[in-house]
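> sequence first, predicted coordinates after that:
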Amino acid sequence: MFINMDQYMYELYKEAEYCKYNMMCANTFDHEIFYKNSLNEKLCELSDLLEDDFKVSSNLSSQVSEIRQQEFTLAQLAKYNGANGNPSYVAINGMVYDVSNFLSWSGGYHFGVSAGTDATENFSTCHGASNIIGKLPKIGVLKIQ
């Protein structure tokens, strides 16, 4: 029995790490697929829990929307990796979002996804048609070269 949501999320995270480790060490394709599917389920459950608890103040949203959006190349985006005091930005579906103020992105990482990258594929795999993206502050657009 869990005392609070933080403890539950921590236990779920440990289970996800267990699945990840077993997936990487699996010696048969069937085991690898089993642990990959289990890992995906755990990460999606964690994501759903975080989404339910995910709040962006309307004040911050209005301030960000007033800022002129920038264009980022992948090289420029890579500088915003959350390391050494840099903000954490990610690109999803051609838009660049600031995830610096979200605990789930502390240190520039979110379940193995690095800030400063195009996270479209990872986002789609875990969040699917989720509306969580609408809660992220938009910073700019990803310029494809």
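Received the coordinates, thanks.
> quick one: the helices in this protein?
Per DSSP state H, the chain carries helices over the ranges 5-25, 29-52, 58-66, 74-78, 120-127.
> any figure for the gap between residue 84 and residue 108?
10 Å (C-beta to C-beta, to the nearest Å). Using the backbone N, CA and C atoms, a C-beta is placed for each residue, glycine as well.
> same deal with residue 37?
Per C-beta to C-beta, residue 37 is found 27 Å from residue 108.
> circling back: the helices of the chain into CSV, with extra columns for mean pLDDT?
Shown next, in CSV, are these (pLDDT from 0 to 100):
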stretch, mean pLDDT
helix 5-25, 82
helix 29-52, 80
helix 58-66, 47
helix 74-78, 93
helix 120-127, 79
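> for residue 144, find the nearest of those.
Among the helices of the chain, helix 74-78 comes nearest to residue 144, with 8.5 Å by C-beta to C-beta.
> identify all contacting residues around that closest one.
89, 91, 96, 116, 117, 118, 142, 145 (C-beta atoms under 8 Å, 6 or more residues apart in numbering).
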